[in-house]
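my questions concern the predicted model and sequence given below.
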Amino acid sequence: MSDTTPRREPADFDAMTRDIAEVPAVEVIVTVAVNLMSAAAVKLGLTEDGGEHKDLDEARKLVHALAGLMDASATEISSFHAAPLRDGLKSLQLAFREASLVPDEPGQGPGEKYTGPVYG
């Protein structure tokens, strides 16, 4: 019998470690934040596909994680990087509030424990 399963090449962990070692921490933090923002936007139904991938429970988790990351890294990244990320976070929090059938009380929405209440 022949195996039709494609063979995966072993990962070159040494090369990946070298690549990661060359990336400044600020870039890693910003990249993670942008990935969280993108995933949250998809789960909020803000993409071209709209509601096809909408899942407010998942969106809540992603927005909350983004807010926690922003709070924890505020003193580690410059305002040059932080300002647009904070704006994006607030936009996602407002989009979540608008998408919710039963809105959270002010200060209880996703990430608001880190950012304070978000009003629409």
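Yep, that arrived.

flag the shaky bits of this protein, pLDDT-wise.
For the chain, applying pLDDT under 70 flags the ranges 1-7, 9-10.

which neighbouring elements make contact with the longest helix seen in it?
Taking DSSP state H as the criterion, the chain has its longest helix at helix 79-99. Packed against helix 79-99 by the contact rule (3 or more CB pairs under 8 Å, 6 or more residues apart in numbering; DSSP states H and E) you find helix 25-43, helix 56-73, helix 112-115. The way it works is simple: take the backbone N, C-alpha and C, and place the C-beta from them, glycine included.

angle of the longest one against helix 56-73?
Using axes from the mean of the first three to the mean of the last three CA atoms, to 10 degrees, the direction of helix 25-43 lies 160 degrees away from that of helix 56-73.

ok, and what's touching the helix or strand containing residue 16?
Residue 16 is part of helix 13-21 when elements are defined by DSSP states H and E. Residues from elsewhere that reach helix 13-21 (CB atoms under 8 Å, 6 or more residues apart in numbering): residue 28.

just the CA trace of it, in PDB.
Once side chains and other backbone atoms are set aside, the C-alpha atoms of helix 13-21 remain, and they are given as PDB (Å, rounded to 0.1, in the frame of the first residue of the first chain):
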ATOM      1  CA  PHE A  13      13.600  25.300  15.300                       C
ATOM      2  CA  ASP A  14      17.100  26.700  15.400                       C
ATOM      3  CA  ALA A  15      16.400  29.000  12.400                       C
ATOM      4  CA  MET A  16      13.000  30.000  13.900                       C
ATOM      5  CA  THR A  17      14.800  30.900  17.100                       C
ATOM      6  CA  ARG A  18      17.400  33.000  15.300                       C
ATOM      7  CA  ASP A  19      14.600  34.800  13.400                       C
ATOM      8  CA  ILE A  20      12.700  35.600  16.500                       C
ATOM      9  CA  ALA A  21      15.800  36.700  18.300                       C
END
